[in-house]
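Student: build me a model:
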Amino acid sequence: MAKIRIYELARDLNVTNKELVEKIRNMDIYVKSHMSSLDAAPVQ
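Tutor: Presented below is the predicted three-dimensional model:
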């Protein structure tokens with residue numbers, strides 16, 4: 001499965017790293033920082 005770094009996804013979505021990390025954490029997905037990777041499934 002493909003993985004994407006949070007900072008890359010934030011760049012693609014035109015949001016800050018901090019905003020995206022906060023939104024992901026609100027979805028009960030554990031991420032340590034903007035350098036963490038996400039599987040493609042939660043991203044879609």
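Student: let me see the contact set for the residue nearest the centre of the chain.
Tutor: Computing the C-alpha centroid of the chain and ranking residues by CA atoms, centre = their mean puts Ile6 first, at 3.5 Å. Ile6 sits next to Asn17, Leu20, Val21, Ile24, Val31, Ser33, His34, Met35, Ser36, Ser37, Leu38 when contact means CB atoms under 8 Å, 6 or more residues apart in numbering. From N, CA and C alone the C-beta is placed, and that goes for glycine too.
Student: rerun that using 10 Å as the cut-off
Tutor: Applying CB atoms under 10 Å, 6 or more residues apart in numbering, we find Ile6 in contact with 17, 20-21, 24, 31-38, 43.
Student: buried among these? Make that a PyMOL selection.
Tutor: Buried residues within those, by 16 or more other CB atoms under 10 Å, are selected in PyMOL with:
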select buried, resi 17+20+21+24+31+34+38
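Student: what's the closest of the contacts of Ile6 to Ala2?
Tutor: Checking those against Ala2 with CB to CB, the nearest one is Val43 at 8.9 Å.
Student: per-residue confidence at the closest one?
Tutor: Looking at Val43, its pLDDT is 53.
Student: other residues contacting the longest helix seen in the chain?
Tutor: For the chain, the helix with the greatest residue count under DSSP state H is helix 17-26. With CB under 10 Å, 6+ apart as the test, helix 17-26 has contacts from 5-13, 15-16, 29-36, 38, 42-43.
Student: residues contacting Ala10?
Tutor: Ala10 touches Thr16, Asn17, Lys18, Glu19, Leu20, Val21, Lys23, Ile24, His34, counting by CB under 10 Å, 6+ apart.
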